[in-house]
Structure formats: C-alpha cells, structure tokens
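Q: give me a 3D structure for the following:
(one chain, ligands or ions: 1)
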Amino acid sequence: MIHMPKYEKIWMAVGTGSLILFLIVLGIMAGTMGLNPPDGMETTVEPENVEASAPFDQPGLKQIGPNEYEAVILSYIFGYKPNQITVPEGSTVHFKITSKDVVHGFFVPGTTTNLMAVPGHVAEYTQTFDEAGEYLFVCHEYCGSGHHLMYGNIIVEE
Ligand code: CUA
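A: Residues are numbered from 1 along each chain as shown. Next up, the predicted model:
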C-alpha cells in the first residue's frame, strides 16, 4: 500500500466520486435519449424482419395519385434497393426510407431531401421534382468501407 498524505486521499476520493457521478449521469442520459428516434421518424419497423414487413417487402416506386408517387427505399451496406427511380416532371414523391443494418443517409443534392436511414425507423419526406433531369441520391452518413459507393439516382423525365 502506497503511503499518501491525508489530503491526497481526500482528493482521490473526490475524484473517484465525481467520475462515478459522471458515469451515472451519462448512463441516465443514454437511457433517455438513446432509443428515441429523431423527429419525423415515428414509424418503426423491426430491422431483422424488415424485408418481410410492408412496405419494405416490396421496395420501389408506386403511383398513388396523379403526379404523386411513393418511393419505398431500403438502404443497406452498401447500396439502396432500388437504386434508380424514374418519375415524370412535376411529380411529388413521398420517400419512405429505412436501413436493414447500420445508419445510412439519404441526401438528394439540389433538393431539400436529407434523411437519416436508421434501422428500426422509417424516415419520411415529401419532395416535388419540378425540373427534369437526373438527380443523384447519396449516403451522407459514414457507414463503413463502401460508404462512397452508396448512391443511386432519380430520373425526372420531361
Ligand atoms: Cu451508407 Cu454511408
């Protein structure tokens, strides 16, 4: 046993005490925040069974009205299913995105579509494509070695 002056022992006790307190607070914070989905991600899905659960059992584009579409996209390491959708100019697209493994992103440069694909949660966003052209969508959450290979495109036809 190392001999220490009494005040050092007191400071050590204070230090250990605050470390424990810090860890407890951190634990409580993680417990309350950890599993709460960010805004707009209320819908949940079981990540293990995502490919057997609607609508992700049939990912793809579905017309739901005149000029209105639903795009169900499943993200995974390292890609999107589907990785290409084609809609006519002026279409409104309701995106529904999730991930079957780790957190991915879904960002469409040149638009306001910017989603996080979190396993277990369904991220939704509605975007209208008024200008014809080819829009890229990319993963903008680092997800591993193939992160930079995660992209697809939206073709907006005249
Ligand atoms: Cu998926 Cu980065």
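
Q: just the pLDDT at residue 7, thanks.
A: Residue 7 is assigned a predicted lDDT (pLDDT) of 71.

Q: count the neighbours of it for me.
A: For residue 7, the neighbour count with other CB atoms under 10 Å is 8. The C-beta positions use only the backbone N, C-alpha and C, and glycine is treated the same way.

Q: over to it. Which of the three states is it?
A: Following DSSP: H, G, I helix; E, B strand; the rest coil, residue 7 is assigned to helix.

Q: quick one: residue 146 and the ligand, what's the gap?
A: Going from residue 146 to the ligand by CB to the nearest ligand atom, to the nearest Å gives 8 Å.

Q: just the helices in this protein please.
A: Here the chain has its helices, by DSSP state H, at 6-33.

Q: tell me what residue 76 is bridged to.
A: residue 79 (DSSP bridges).

Q: run the chain-centre distance for stretch 63-78.
A: Offset of stretch 63-78 from its chain centre (CA atoms, centre = their mean, to the nearest Å): 16 Å.

Q: go through it and flag the buried ones.
A: Neighbour counts over stretch 63-78 (16 or more other CB atoms under 10 Å) mark 69, 70, 71, 72, 73, 74, 75, 76, 77, 78 as buried.

Q: determine which two of these are furthest apart.
A: Farthest apart among the buried residues of stretch 63-78 by CB to CB are 69 and 77. That separation is 26.4 Å.

Q: what pLDDT is listed against residue 35?
A: Residue 35 carries a pLDDT value of 49.

Q: try residue 12
A: So residue 12 comes in at 73 (pLDDT).

Q: ditto for residue 147
A: Residue 147 carries a pLDDT value of 98.
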